[in-house]
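**Student:** predicted model and sequence follow; I will ask about them next.
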Amino acid sequence: MPTNVYFTQGTHNEQYLIEDLIIESLKIYGQEFFYIPRTLVSKDEILGEDRLSQFKSSFPIEMYFENVDSFAGQGAMIQKFGLMMEQSATLVVARRRWDQLVGRYGQTQLPNRPNEGDLLYFPLTKGLFEIKFVQHQDPFYQLGKLYVYKLQIELFQYASEFLDTGIKEVDAFETLKSFTTNTTRTQYGEVTAITLTHSGSGYDSAPTVSFTSSSGNGATATAYLGTGADAGKVIKVIVNNGGAKYQTAPIVNFSGGNPTTPATATSTINANIDKVESYADNNKFKVQAADDIFSAANPFGEVDITYLPTGTVVTYTSTTDSTVITADSSSVTADTE
């Protein structure tokens with residue numbers, strides 16, 4: 001053994017003592033943050049990003065600012081896309097505390113450590129920050145052990161992610177900064193209606209309605225029988241739950257009720273015109289265009305220009321003279337008095 005066996009790099013008791021002192025210092029001199037893990041929905045394996053990320057939970061934890069005077073970064077600056085705010089900082093968090101308050105819930109993409117791409121909310125400044133890099137070996141093995149993580153963070157640039165953290169100030173980012181005017185998420189591929197093609201006959205009880213589909217699932221509906229002349233017939237079918245992810249209208253099935261002639265029906269879905277597993281925004285454009293100047297008669301949204309008839313006289317009056325302009329299809333002449 002090359003090292004001296006009579007001297008150790010630190011016993012467990014010494015390591016625990018150092019770790020306890022660090023945690024105590026962070027609790028005294030640190031600041032309260034909320035750690036917000038990122039949930040990947042549809043990761044692009046080529047670009048390594050997920051435009052549909054969600055943030056659905058938060059965990060309070062203490063961290064220490066290494067920046068003693070102010071945030072680093074260039075601050076407010078004008079760029080070609082407008083006013084940009086660049087703020088960055090380095091935070092210190094105890095490994096044991098992160099494991100106790102965040103890691104044990106298993107909601108990070110990479111287990112057992114803070115993740116790049118996760119968010120931190122700082123209530124003191126009401127700032128939302130993104131973790132850009134996690135340094136896990138600084139300080140380097142004091143007494144043979146690592147005690148803290150150092151997180152390099154920058155002000156978060158919101159890009160229409162889904163925010164439902166339970167923190168009112170954080171969740172408000174989605175409403176205030178989202179590019180879409182409709183903050184409710186339209187669900188596509190739902191069963192929206194059922195149309196009877198034959199009411200059937202001879203039912204002694206209302207049949208059970210089910211759906212057959214190779215894509216979506218979850219739709220439910222209830223059939224109702226008529227009375228009087230329509231006794232024993234299905235007169236209507238009401239959708240209770242539209243389900244989700246139906247690419248084509250599912251087949252409607254009726255079972256039970258001992259009919260003489262079974263009823264038949266067809267379903268209608270709220271079709272998704274975007275391609276499956278794509279980043280297309282056709283549905284968003286379709287909804288948004290309904291409120292804009294685009295229409296079937298004006299598909300390119302061109303401004304309607306009204307031309308003056310030939311021979312129209314337009315009079316322009318200034319403080320010095322009066323000018324008469326005569327306009328026709330080929331020329332413009334001006335006479336000054």
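**Tutor:** That came through, no problem.
**Student:** just confirm F7 is within a helix.
**Tutor:** No - counting by DSSP: H, G, I helix; E, B strand; the rest coil, F7 is not part of a helix but coil.
**Student:** how close does it get to G144?
**Tutor:** As for F7, its distance to G144 is 12 Å (criterion: CB to CB, to the nearest Å). Quick note: C-beta positions are derived from backbone N, CA and C, even for glycine.
**Student:** tell me which of the two has more neighbours.
**Tutor:** G144 (12 against 6; other CB atoms under 10 Å).
**Student:** Y141: neighbour count?
**Tutor:** 11.
**Student:** same check, this time on S42
**Tutor:** 11.
**Student:** can you report phi and psi for A231?
**Tutor:** phi -60, psi 140 (degrees, to the nearest 10).
**Student:** show me what contacts E154?
**Tutor:** E154 makes contact with G73, E86, Q87, S88, F129, E130, K132 under the criterion CB atoms under 8 Å, 6 or more residues apart in numbering.
**Student:** what's the PyMOL line that selects buried ones from those residues?
**Tutor:** Selecting only the buried entries of the contacts of E154 in PyMOL, with 16 or more other CB atoms under 10 Å as the criterion:
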select buried, resi 87+129+130
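**Student:** of the contacts of E154, closest to P250?
**Tutor:** Distance to P250, by CB to CB, is smallest for E130 among those, at 41.5 Å.
**Student:** can you give me the strands in the stretch 201-337 of the chain?
**Tutor:** 208-212, 217-225, 234-244, 251-255, 264-269, 312-317, 322-327, 332-336 (DSSP state E, counting those that start in this stretch).
**Student:** rank the ones you listed by mean pLDDT and give me the bottom one.
**Tutor:** Ranked by mean pLDDT, the strands of the stretch 201-337 of the chain end with strand 322-327 at the bottom, a mean of 48.
**Student:** these two touch, right, P207 and A263?
**Tutor:** Yes - with contact defined as CB atoms under 8 Å, P207 counts as touching A263 (6.8 Å).
**Student:** so what's in contact with those two at the same time?
**Tutor:** Counting by CB under 8 Å, 6+ apart, the residues touching both P207 and A263 are G200, A223, V234, F254.
**Student:** do you know how far the third one is from F211?
**Tutor:** Distance, V234 to F211, by CB to CB: 16 Å.
**Student:** of those two, which one has the most company?
**Tutor:** Between V234 and F211, counted using other CB under 10 Å, V234 has the larger neighbour count: 26 against 20.
**Student:** so what's the more buried one bridging to?
**Tutor:** Assessed by DSSP bridges, V234 has beta-bridge partners L225.
**Student:** quick check: buried residues in the top strand by length along the chain?
**Tutor:** The residue-count maximum for a strand in the chain (DSSP state E) belongs to strand 82-94. With burial defined by 16+ other CB under 10 Å, the residues of strand 82-94 counted as buried are Q87, A89, T90, L91, V92, V93, A94.
**Student:** can you list the domain ranges for the chain.
**Tutor:** Annotated domains of the chain cover 12-177, 191-269 [automatic domain parsing].
**Student:** which one of those domains lies nearest to P2?
**Tutor:** domain 12-177 (15.6 Å).
**Student:** now do the closest residue to V191 other than its chain neighbours against I238, distance only.
**Tutor:** Once flanking residues are discounted, V191 sits nearest to A219: 4.2 Å by CB to CB, 6 or more residues apart in numbering. As judged by CB to CB, A219 and I238 stand 12 Å apart.
**Student:** neighbour count winner among the two?
**Tutor:** Shown here are A219 and I238; by other CB under 10 Å, A219 has more neighbours (25 against 12).
**Student:** so where's the stretch 51-200 of the chain uncertain?
**Tutor:** By pLDDT under 70, the low-scoring segments of the stretch 51-200 of the chain are 76, 81, 177-188.
**Student:** in stretch 41-51, which residues are buried?
**Tutor:** Neighbour count says stretch 41-51 has D50 buried, by 16+ other CB under 10 Å.
**Student:** what's the span of it, first residue to last?
**Tutor:** 8 Å (CA to CA, to the nearest Å).
**Student:** residue ranges for the strands of the stretch 1-150 of the chain, please.
**Tutor:** 31-36, 54-55, 59-65, 72-79, 82-94, 119-122, 127-135, 148-155.
**Student:** in a markdown table, list those along with distance to S215.
**Tutor:** Formatted as a markdown table, the strands of the stretch 1-150 of the chain follow (distance: least, CB to CB, whole Å):
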| stretch | distance to S215 |
| --- | --- |
| strand 31-36 | 33 |
| strand 54-55 | 23 |
| strand 59-65 | 37 |
| strand 72-79 | 44 |
| strand 82-94 | 42 |
| strand 119-122 | 34 |
| strand 127-135 | 36 |
| strand 148-155 | 41 |
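**Student:** between these, which gets nearest to D164?
**Tutor:** That would be strand 54-55 among the strands of the stretch 1-150 of the chain, by CB to CB, at 7.2 Å.
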